[in-house]
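J.: sequence and predicted structure are below.
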Amino acid sequence: MQLNKVLLLVLALQMPVTGWCQEQRLKLEGVWDGQTFQVDRIKERDASKDVRKIRVAGAVSSISYANRAVQIGPARLRWNASQEATFADMKVGDVVSMEALQVGPENFAITSIEARDVASSDSIELIGALTGYSNRGEWTDLLVAGIPARIPKRLFSNGRLRLQRLDDQRPENQFTTSIGGVRTTIGGEFGLKANAREDRDLDNTVTDERLDTEAELKLEAFFEISDSVSGFAEIAAEQSDRYGSSLDHETSEFELKRGLLWLFVDQPFGLPAGIQIGRQNIAENREWWWDTDLDAIRAYVSSRNFQLELAIAEELGCEVLSGDRGDAEDLDVRRLFLTGRLRLSSLLSVDFFLLRQNDHSSSFRVADVIAADQLDEDDADLSWVGARLSGAADLGSGLEADYWLDIARVSGTEIQYDFDDFGAGELVVESSLEQQRSGTGFDVGATFKWSDSGFFGLSEPALTFGYAGGSGNGRSDGTFRQTGLQDNNNKFGGVDRFRYYGELSRPDLENIRISTLSVGFRIGEDSSVELVHHNYQQVFPQAAHTLRVRPDANGLSAELGDEVDLVIGIEKWEHFEFEAVGAYFAPGSAFDTSDPSWFLSFKLDYNF
């Protein structure tokens, strides 16, 4: 009876499934034929920016000095008296990029202008907020900040919105063919990565240098089976090697992995929803709650300013195709995800999150002997519930502020096991402890960006302040822990996503407080550099901690230490992405050893 009431309510709402909330910012690329802006590329952009702001790039098609107005493709923009000198020499055919602020219907006030290269004289780029759409056969007509654009329906399909993980970037013009009458897009990624680190022991008298290299090839296929049905398949091959001091080759491993494999059905049986079945990426933008690939069934519902997702997930097999079974810690764990977003304005969006985790794997008794590949140190039946407030504000004079506030509560029961080596590839259970888990975690911060400033080739300086933590009192009942599915990975003011709690330390928010200060700059439109400082303190001094350094804390002091990261991201090419990270950790008085640790990482991806 209750289920019927819910279905009737959903049907009554008649929510259109567009995949985007109203005011989602989009980047459109295409051509202007003098009458219609025909779009052939579309990307999501940062939804937190002021929805009144647009950027348009292309050739000037008309200019009126009397009306102080200039036309670039479908957009008509106006300048004011103080900008007369800037536009005095402008002529039809000049290729420029302009930013403007919408001050009324079809009324845009220019705020900045610069020379720009585009693919051809009729090429147009438009960035702005979605304000409307309608489907017309094979086309979808969009309004972006009230400016009309026409998009092939296949580019606007919901299936395409599910394609990429947050860290992935694929070129728009991928190879497309027909397989059995099904339009199929084939692409992927080849990535090279090298990580070097030293002094994880925080003791430079101990030799523990390490270099890890990784080469990975991903092959992907996207199938447009019909207007409402699409599928995706991915397979990955990975070669990883580890080198010790003096570059001695220690280990080498090759793995063939199953990647994402899903089927998406838009509006099944006419219902106002989308259904996705199979192995899929479950993520939210800040990756504070989760970012993981799981076997799941997921439902989506969205309206003008509201989105809702419900997923049930449980691993059905081994990710590594050559493996006999999956990671014991991941098997026999059923998870229920519920997320929602209510976008009230550019100043405020409200997200809510719920995760219910039920571990129904076999439990152990003290003195049990198990195979090493059955190691599972934690059985947890836990629930996380919480919310996020976020938004953006234009503070004037080219200054913008983006803010966020995450808060979460965990509760439930967990069993923790200790094991010892039993020989012959076996382990023996030494102890088990069942305990209640409860606690609260939070993350609050803001990034201030100056869009009109810069020097020495650096532009758009950004300043970020953050403060995050998880409760702790020396007992699990009163100590927060994150979901275990999180990556704590996002952007501040630059182009690159990075671990915003520290690239070397990478702590879980458990019995800790983290203060963050970051300064960053753009280098052109598609590159950036950021310098980030973190200070780590325990809430309750104890030996256990979640920093990725080896020694236990002494339990006497709460001062874990400080980390400084330098993050460089370059994404100016369509096919290539480059990232370089340097990190330095200086231990505090919570450790009895005081030598610093460092970490270097380089990553180059080729997308096709």
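T.: Noted; the coordinates are in hand.
J.: for the residue lying closest to Lys257 once chain neighbours are set aside, what are its contacts?
T.: Nearest non-adjacent residue to Lys257, counting by C-beta to C-beta, 6 or more residues apart in numbering: Ala236, 4.5 Å away. Every C-beta, even on glycine, is put in place using the N, C-alpha and C of the backbone. For Ala236, the contact set (C-beta atoms under 8 Å, 6 or more residues apart in numbering) comprises Glu216, Leu217, Lys218, Leu219, Leu256, Lys257, Arg258, Gly259.
J.: which residues does the first one bridge with?
T.: According to DSSP bridges, the partner residues bridging Glu216 are Gly191, Glu238.
J.: where's it relative to Asn488, distance?
T.: Noted for Glu216: a distance of 22 Å to Asn488, by C-beta to C-beta, to the nearest Å.
J.: now do the second one
T.: Counting by C-beta to C-beta, the gap between Leu217 and Asn488 amounts to 27 Å.
J.: of the two, who's got more company?
T.: Asn488 (21 against 14; other C-beta atoms under 10 Å).
J.: quick check: which element contains the residue lying closest to that one once chain neighbours are set aside?
T.: Nearest-residue entry for Asn488: Tyr501, 5.0 Å, with adjacent residues in sequence omitted and distances by C-beta to C-beta, 6+ apart. Counting by DSSP states H and E, no helix or strand carries Tyr501.
J.: quick revisit: show me how to select, in PyMOL, the buried members of the contacts of Ala236.
T.: Filtering those down to the buried ones (16 or more other C-beta atoms under 10 Å) takes a single PyMOL command:
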select buried, resi 216+218+219+257+258+259
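J.: got JSON lines for the contacts of Ala236, with distance to Ala109, pLDDT and secondary structure too?
T.: JSON lines is the format used below for these (distance: C-beta to C-beta, whole Å; pLDDT from 0 to 100; DSSP: H, G, I helix; E, B strand; the rest coil):
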{"residue": "Glu216", "distance to Ala109": "47", "pLDDT": "97", "secondary structure": "strand"}
{"residue": "Leu217", "distance to Ala109": "48", "pLDDT": "98", "secondary structure": "strand"}
{"residue": "Lys218", "distance to Ala109": "44", "pLDDT": "97", "secondary structure": "strand"}
{"residue": "Leu219", "distance to Ala109": "48", "pLDDT": "97", "secondary structure": "strand"}
{"residue": "Leu256", "distance to Ala109": "56", "pLDDT": "95", "secondary structure": "strand"}
{"residue": "Lys257", "distance to Ala109": "51", "pLDDT": "93", "secondary structure": "strand"}
{"residue": "Arg258", "distance to Ala109": "52", "pLDDT": "93", "secondary structure": "strand"}
{"residue": "Gly259", "distance to Ala109": "47", "pLDDT": "93", "secondary structure": "strand"}
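J.: low-confidence ranges, the stretch 1-150 of the chain, go.
T.: 1-23, 46-50, 117-120, 137 (pLDDT under 70).
J.: just the helices from it, written as ranges.
T.: Assigned helices in the stretch 1-150 of the chain, in chain order: 2-13, 84-87 (criterion: DSSP state H, counting those that start in this stretch).
J.: quick revisit: save the contacts of Ala236 as TSV, and put in distance to Ile127 too.
T.: Output for those, formatted as TSV (distance: C-beta to C-beta, whole Å):
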residue	distance to Ile127
Glu216	31
Leu217	32
Lys218	28
Leu219	31
Leu256	40
Lys257	36
Arg258	36
Gly259	31
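J.: can you name the farthest residue from the center of the chain?
T.: Ala66 (46.5 Å; C-alpha atoms, centre = their mean).
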